[in-house]
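Novice: fold the following and give me the result.
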Amino acid sequence: MELTVIIQSKIYEIRGQQVMIDKDLAGLYQVEVKRLNESVKRNLKRFPEDFMFQLTAEEWQNLKSQFATSSWGGTRKLPYAFTELGVSMLSSILNSELAIEVNINIMRAFVAVRRFIANPPVDRVSELQNELKELKSYIEEVFTDYNDINEDTRMQLELINRTLAELQAQKSLADSPRNPIGFVKPKQ
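Specialist: Got it, this is the predicted structure:
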């Protein structure tokens, strides 16, 4: 798996910000979490609240509960979350070749996540739902027109039937035997 994809899977949304957890960063930089946090504490002025913050117990619990099997294990202290700016600042205090390479990939991952959020992929299900709604609307319209035509046809058929009934009545009157005029009795 490409490193950028692995990094993207380690970017979480907490407090409305895209962040990475100190343990994940330490793993990428191949240092102990303790050493990463020590470096940060030695340079605390470089990490204001919008660069780094410590998770609350509730945030940490929510984050851990998102995963069926936690790979984070037990921690004594609540972890730190680094925003994109904080991760960028880490590159200035972790000054190894690996840190520089990893940091470049992390920045690319943050950009990719930002693009994904800005331009989400087309949701195929909602696209199909919209097409289905359009199709239903079209079918209802066609059936309404069909029923209108049927109503007109029914009215025309009813007029034709009435006219035929009247003609039949007139014919039966015309076909019925007439009484002879005069005193002649018809033969029986």
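
Novice: could you use CA atoms for every contact and neighbour count after this?
Specialist: OK.

Novice: give me the neighbour count for I11.
Specialist: I11 is flanked by 22 other residues according to other CA atoms under 10 Å.

Novice: hmm, it is touching D22, no?
Specialist: No. With contacts counted by CA atoms under 8 Å, I11 stays clear of D22, the gap being 11.2 Å.

Novice: could you break this protein into its assigned domains?
Specialist: The chain resolves into domains spanning 3-118, 123-168 when parsed by automatic domain parsing.

Novice: can I get the ones you listed in CSV including distance to I181 and mean pLDDT?
Specialist: Below are these laid out as CSV (distance: least, CA to CA, whole Å; pLDDT from 0 to 100):
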stretch, distance to I181, mean pLDDT
domain 3-118, 103, 82
domain 123-168, 26, 83
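
Novice: what's the closest of the ones you listed to K187?
Specialist: domain 123-168 (28.5 Å; CA to CA).

Novice: residues contacting the most centrally placed residue in the chain?
Specialist: In the chain, the centroid-proximal residue (CA atoms, centre = their mean) is D123; its distance is 5.4 Å. Taking CA atoms under 8 Å, 6 or more residues apart in numbering, we find D123 in contact with no residue.

Novice: do you know how far it is from Q61?
Specialist: 30 Å (CA to CA, to the nearest Å).

Novice: about what we covered before: adding distance to G182, write the domains of the chain out as a markdown table.
Specialist: What follows is the domains of the chain, written out as a markdown table (distance: least, CA to CA, whole Å):
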| stretch | distance to G182 |
| --- | --- |
| domain 3-118 | 106 |
| domain 123-168 | 29 |
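
Novice: mind checking which of those is nearest S176?
Specialist: Closest approach to S176 among the domains of the chain (CA to CA): domain 123-168, 12.1 Å.

Novice: where's E84 relative to A109, distance?
Specialist: Taken as CA to CA, the span from E84 to A109 is 10 Å.

Novice: also L28?
Specialist: 13 Å.

Novice: who's more crowded, those two?
Specialist: Neighbours were counted for L28 and for A109 using other CA under 10 Å; A109 has more, 22 against 17.

Novice: does the more buried one belong to a helix or a strand, and which?
Specialist: Following DSSP states H and E, one finds A109 within helix 97-118.

Novice: list the helices and strands that helix packs on?
Specialist: helix 3-8, helix 22-29, helix 84-93 (3 or more CA pairs under 8 Å, 6 or more residues apart in numbering; DSSP states H and E).
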